[in-house]
Each structure stands twice: as structure tokens, then as C-alpha cells.
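In: A predicted structure for the sequence below; I have some questions about it.
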Amino acid sequence: MIKYLVSSFYNTMIDEEDAIPTSTMFELDRVKQKNIKFIVLTNRLKEDVLYYNHDYPFIDYIISLNGSIITEVETNKDIKLKSFTKEELERIQTKYSKKEIYYYTENTVENNIPQESVYKIEIKGIKKNIEMEYNTSILKINKEYFLEICKNNSLDALEKLKIKEDELLGIIGNESEENLLKKYKNIFVVKNASKKLKEVTNNITKSNKQKGLEQVLKEVIK
């Protein structure tokens, strides 16, 4: 029995105009009335997602920074996973000193190593994934590419919430969420996702421009 719905934010929930279609909102409301909890995965800060939740609250959890922070929206309580050490940050900064680097703390993004804990790093302009001792993936937003470096992943976060395999329905669109396909069977990938992500599964839905999230909700949750 499905108890949780999870959706990627970028490349999935919002369309090319950074909007959620009205018809999709109606479907999400229908799902909420069935007492299904809605979880949004975002590669970046939770504030980007909370903006859409302001006028009509419909989100139960936000998992931000590629699985690094879990926020229970109603209570605004956070569960924080692993952050980088100062030595790790300095090592990565030295290795990519000629690139534009972004350091993500819980609430901000900085161009230089901040004093606060850093949960995610983005390096602009890298199109091919680079294997290292951390979780790495490529994020494409508005025709720009970023190498993502993180010590956590989306599967880590969902396991923290103790969500069982048969309780979750998911729609994803980013390489950083690929690990969900290893545990959960009811995961769909939007058509506009990268070739790498689509090669892992046969569950392909329409693109975010064609309301792929909405299509899955209509077909799976009756």
C-alpha cells in the first residue's frame, strides 16, 4: 500500500517555466486526501521548494542537498546527515581551483569555504561525472552543467524515514537520485532525464514539460 509519494523538484515537479501546472496541483491535492505523505527531493536549498508551499501547503517533507537534510515542513524540524570536514573542503578546492565552486550550507550557498557546515559542493561547467570517494553526479539546469559532490544520497534520507519498499511511489529526474532505483520498485523516471538515468529502468514517464508527474499519479493512484 502506497503511503508516501516522492518527487524530484528540478526537471520533474516544475516545468520549463519553473512552475507547477495547475492540473498537477489538483492531482497532488487528490493524493493528499488519501493520506499519502508527499516528499520533495531537491538538489539545492529547501527554501526553493518552500516558495511553492507558501499559499497552499501540500508538502510534508523536503529532502534537500541530495539527501543531506530532511525537513519536516509542518514542524520545521531538520534531520542533518553527514557534512564535509575542513580538510576535505580544502582538498576539493585545491583540486578544482580553476573552476567556479559553490559550497552549500544548511541555508546558504557560498563561493568560498564558509565557517558553517557544508553539506554539498557544486562545480560549474563539468559535464561528465568524476568518480571519487564521495557521491558524485551531474546536474543539468537551464542548459548549465554542475558536478555535484556530496557525502549523502537520497536513499540514505528515505531510509532515515524508515520507508518500506512497497510504501513508496516515486518520480525522479536527476542522476543524484539514481540510488533510489536500487531499493524501490515503484520509481518512474521522466523522459527528459539524462540517458544515464533512463538506462537503469524501464519505468519511463512523460517529461516535466508534458506533466510526467501528473501522468503517474493518474495511472497509479486511483
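Out: Arrived safely. A quick note: this is a predicted structure, and the numbers were derived from the prediction, not measured.
In: so who does residue 119 touch?
Out: 65, 68-69, 80-84, 104-106, 150-152 (CB atoms under 8 Å, 6 or more residues apart in numbering). All C-beta spots, glycine's among them, are computed from the backbone N, C-alpha and C.
In: got the residues you listed as JSON lines, with distance to residue 17 columns?
Out: Listed next are the contacts of residue 119 as JSON lines, based on distance: CB to CB, whole Å:
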{"residue": "65", "distance to residue 17": "24"}
{"residue": "68", "distance to residue 17": "28"}
{"residue": "69", "distance to residue 17": "27"}
{"residue": "80", "distance to residue 17": "32"}
{"residue": "81", "distance to residue 17": "32"}
{"residue": "82", "distance to residue 17": "35"}
{"residue": "83", "distance to residue 17": "34"}
{"residue": "84", "distance to residue 17": "34"}
{"residue": "104", "distance to residue 17": "25"}
{"residue": "105", "distance to residue 17": "29"}
{"residue": "106", "distance to residue 17": "28"}
{"residue": "150", "distance to residue 17": "28"}
{"residue": "151", "distance to residue 17": "33"}
{"residue": "152", "distance to residue 17": "30"}
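In: hmm, which of those residues are the buried ones?
Out: Buried subset of these (neighbour count, 16 or more other CB atoms under 10 Å): 65, 68, 69, 81, 83, 84, 104, 105, 106, 150, 151, 152.
In: can you add secondary structure and give these back as JSON lines?
Out: As requested, these are arranged in JSON lines below (DSSP: H, G, I helix; E, B strand; the rest coil):
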{"residue": "65", "secondary structure": "coil"}
{"residue": "68", "secondary structure": "coil"}
{"residue": "69", "secondary structure": "strand"}
{"residue": "81", "secondary structure": "coil"}
{"residue": "83", "secondary structure": "coil"}
{"residue": "84", "secondary structure": "coil"}
{"residue": "104", "secondary structure": "strand"}
{"residue": "105", "secondary structure": "coil"}
{"residue": "106", "secondary structure": "coil"}
{"residue": "150", "secondary structure": "strand"}
{"residue": "151", "secondary structure": "coil"}
{"residue": "152", "secondary structure": "coil"}
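In: can you lay out those residues as JSON lines showing distance to residue 186 and pLDDT?
Out: Formatted as JSON lines, the buried ones among the contacts of residue 119 follow (distance: CB to CB, whole Å; pLDDT from 0 to 100):
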{"residue": "65", "distance to residue 186": "24", "pLDDT": "98"}
{"residue": "68", "distance to residue 186": "24", "pLDDT": "98"}
{"residue": "69", "distance to residue 186": "25", "pLDDT": "98"}
{"residue": "81", "distance to residue 186": "24", "pLDDT": "98"}
{"residue": "83", "distance to residue 186": "31", "pLDDT": "98"}
{"residue": "84", "distance to residue 186": "33", "pLDDT": "98"}
{"residue": "104", "distance to residue 186": "29", "pLDDT": "98"}
{"residue": "105", "distance to residue 186": "33", "pLDDT": "98"}
{"residue": "106", "distance to residue 186": "31", "pLDDT": "96"}
{"residue": "150", "distance to residue 186": "25", "pLDDT": "98"}
{"residue": "151", "distance to residue 186": "27", "pLDDT": "97"}
{"residue": "152", "distance to residue 186": "22", "pLDDT": "97"}
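In: quick one: which of the residues you listed is nearest residue 128?
Out: residue 150 (17.3 Å; CB to CB).
In: got a list of what the closest one touches?
Out: Neighbours of residue 150 in contact, by CB under 8 Å, 6+ apart: 65, 66, 67, 68, 119, 120, 121, 134, 135, 136, 176.
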